[in-house]
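In: what's the 3D shape of this:
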Amino acid sequence: MTQSRVVAMEEGRDPASAIRTNLSRALPLRLILFCLLFLVMGIGLSIISMYSARFFVVQHISTVTPSTIQPCFEEANRIESWIRPPSNLMHTMNDTELFWRASFVPQIKEYPFKRVPKIAFMFLTKGPLPLAPLWDRFFEGHERQYSIYVHALPSYIAGYPPSSAFYRRQIPSQMVEWGKMRMCEAERRLIANALLDISNEWFILLSEFCIPLHNFSIIYRYISRSRHSFMGSVDELGPYGRGRYDQRMEPEVTLSQWRKGSQWFEVNKRLAINIIEDTTYYPKFKEFCRPACYVDEHYFPTMLSIQFPHLLANRTLTWTDWSRGGAHPATFGKADITEGFFKKIFEGQLCLYNSQSSTVCYLFARKFAPSALDPLLGLTSKVLGY
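Out: Down below sits the predicted model:
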């Protein structure tokens, strides 16, 4: 030690200053090492925190998602959601939206599920259905083969009991004017609502004054086996036929294409879709067929005879009595309902059914007053078979 101090002194250096120099060299090195260690630890903690946060967020999402979003996708992916008929006929769609939605139809004929084709019974009424108890008897036991739709005045509130086939079968409606396009708009509205049920295959328009002339099985078999739809479409000469034609309907409708038929019809699904899809003939009839041109007697018969003449039977299924004259057919009340009355309706019937002669030509009849209900209920099992 003494020797080193001597050497240092001989070299002209102060021993204390040499010690301070060595310490100053060692201190920055330790500080740098400490800072590097701290930096590495900080980076490590940041990486761990980042991955921990991701893990907990994913865990949170995975536990929350199934209870909210997943059931919606499961419901949409189930075929039942597409084929199940609406549970509530009341909706907020306007006619444009309704017709667009109703035009969705499968393009593949074979169904991937067991489907029972149904008849849609569409009632165009002002309010109540006074003959509903008779129809309830007619429908009883055939719930899988029919559906019911009622278009009444918007202000009418139905009060059918839950046991009735007409319970909650009223659709969103609008005002109807006899002989004007509002009448056909109501009929299109009925068809469109019925098309929302994928099982409906045939569509029958009826009024509150109609009754069935046969039991349900006979009517279902008659309609389901027919190769034609039952809509009258005749070229009638005179003031009540061609006399109602307006030349301004050309070129869409010419005089030779002008047709007339009964308002009460039956059409299959293909024709039903064509009716609600129409944008070609509707404007012409709305503008140029006004009283004394009664559009409900000309619009559908003319349009369908132009587009699908081979699919029409050119006759109605609803019997009416025009023998008394006037703008409306005869109305039958309590005193008219006898076995002889129905015998006259059934006798003398002759028509074509699937290109063969048939004595069964009418499946329904009108007009029957509310007073006819009780005698009708007393005769149905014996005369009409239900």
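In: from what I can see residue 167 touches residue 161, true?
Out: Yes. Counting by Cβ atoms under 8 Å, residue 161 is a contact partner of residue 167 at 6.6 Å. Glycine gets a C-beta too; all of them are placed from N, C-alpha and C.
In: okay, the regular element (helix or strand) spanning residue 202 in PDB with CA atoms only?
Out: Residue 202 belongs to strand 200-207 when assigned by DSSP states H and E. Provided in PDB are the C-alpha atoms of strand 200-207 (Å, rounded to 0.1, in the frame of the first residue of the first chain):
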ATOM      1  CA  ASN A 200    -102.500 -21.600 -48.300                       C
ATOM      2  CA  GLU A 201    -102.900 -23.000 -51.900                       C
ATOM      3  CA  TRP A 202    -106.400 -21.900 -52.900                       C
ATOM      4  CA  PHE A 203    -108.200 -18.600 -52.200                       C
ATOM      5  CA  ILE A 204    -111.900 -18.200 -52.100                       C
ATOM      6  CA  LEU A 205    -113.700 -14.800 -51.900                       C
ATOM      7  CA  LEU A 206    -117.000 -14.700 -50.000                       C
ATOM      8  CA  SER A 207    -119.300 -12.200 -48.300                       C
END
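In: just checking, what packs against it?
Out: strand 118-124, helix 181-195, helix 216-224, strand 266-268, helix 269-277 (3 or more Cβ pairs under 8 Å, 6 or more residues apart in numbering; DSSP states H and E).
In: distance between the longest one and the chain's centre?
Out: On the basis of Cα atoms, centre = their mean, to the nearest Å, the separation between the geometric centre of helix 181-195 and that of its chain is 12 Å.
In: what comes into contact with it?
Out: Contacts of helix 181-195 with the rest of the structure, by Cβ atoms under 8 Å, 6 or more residues apart in numbering, involve 89, 95, 98-99, 101-103, 105, 120, 122, 124, 147, 149, 151, 171-177, 200, 203, 205, 263, 267, 269, 272-273, 275-276, 282, 285-286, 289, 295-296, 299-300.
In: Any of the residues you listed buried? List them.
Out: Neighbour-count burial within the contacts of helix 181-195 applies to 89, 98-99, 102, 120, 122, 124, 147, 149, 151, 171-173, 176, 200, 203, 205, 263, 267, 269, 272-273, 275-276, 282, 285-286, 289, 295-296, 299-300; the criterion is 16 or more other Cβ atoms under 10 Å.
In: Of residue 167 and residue 161, which one has the most company?
Out: residue 167 (15 against 9; other Cβ atoms under 10 Å).
In: Please name the nearest non-neighbouring residue to that one.
Out: residue 160 (4.7 Å; Cβ to Cβ, 6 or more residues apart in numbering).
In: what's the spacing between the closest residue to residue 382 other than its chain neighbours and residue 99?
Out: Spatial nearest neighbour of residue 382, chain neighbours left out: residue 339 (7.6 Å); criterion: Cβ to Cβ, 6+ apart. Look at residue 339 and residue 99: by Cβ to Cβ, to the nearest Å, they are 45 Å apart.
In: try residue 124
Out: Taking Cβ to Cβ, one finds residue 124 at 17 Å from residue 99.
In: Repeat that for residue 169.
Out: Distance of residue 169 to residue 99, given as Cβ to Cβ: 20 Å.
In: what are the phi and psi values for residue 179?
Out: Here is the backbone geometry of residue 179 (degrees, to the nearest 10): phi 80, psi 0.
In: isn't it right up against residue 298?
Out: No. Contact criterion Cβ under 8 Å: residue 179 and residue 298 do not qualify, at 10.7 Å.
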